[in-house]
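> Just need the structure, nothing else, for what follows:
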Amino acid sequence: MASIEVKIVKRVTATEAQNNFGDLLMSAQSEPISITRNGKEKGVLLSSKEYQEIKRQALQQAITEGIESGEATPLDMSDIKSKARERLGLNAKS
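Prediction:
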């Protein structure tokens, strides 16, 4: 599966993000902002428009991969949920 990349230009610490959230929210309208804690990226602040575009790209990618994968088969939702939990590292069933 190909990944969707977001170019991060600006990086701020979690403390800076907390103290300047309003300004960062405005800045995120033009470029994604990486938020770090102890030098490690912990989150990214981006505009709603950019987020919607990432979701659209992911859906289009999934559709393309599904079409290219071959014949359709019945979906087993329990299996799909189990595999998703496994990928996310979640062991509890919901």
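
> Now the worst-scoring helix or strand of the chain on mean pLDDT: buried residues?
Scoring the helices and strands of the chain by mean pLDDT, DSSP states H and E places helix 77-88 at the bottom, with a mean of 82. Across helix 77-88, burial judged by 16 or more other Cβ atoms under 10 Å covers no residue at all. In short, each C-beta sits where N, CA and C put it, glycine included.

> again with stretch 40-56
Leu45, Leu46, Ser47, Glu50.

> Is the last one located within a strand, as I assumed?
Read that as Glu50. No - assessed with DSSP: H, G, I helix; E, B strand; the rest coil, Glu50 is helix; it does not lie in a strand.

> which residues does the nearest residue to it once chain neighbours are set aside contact?
Excluding the flanking residues, the one nearest Glu50 by Cβ to Cβ, 6 or more residues apart in numbering is Pro32, at 6.5 Å. Neighbouring residues of Pro32 by Cβ atoms under 8 Å, 6 or more residues apart in numbering: Val6, Lys7, Ile8, Val9, Lys10, Val44, Leu45, Leu46, Glu50.

> related to what we said a few turns ago, nearest to Gln57 among the buried residues of stretch 40-56?
Distance to Gln57, by Cβ to Cβ, is smallest for Glu50 among those, at 10.6 Å.
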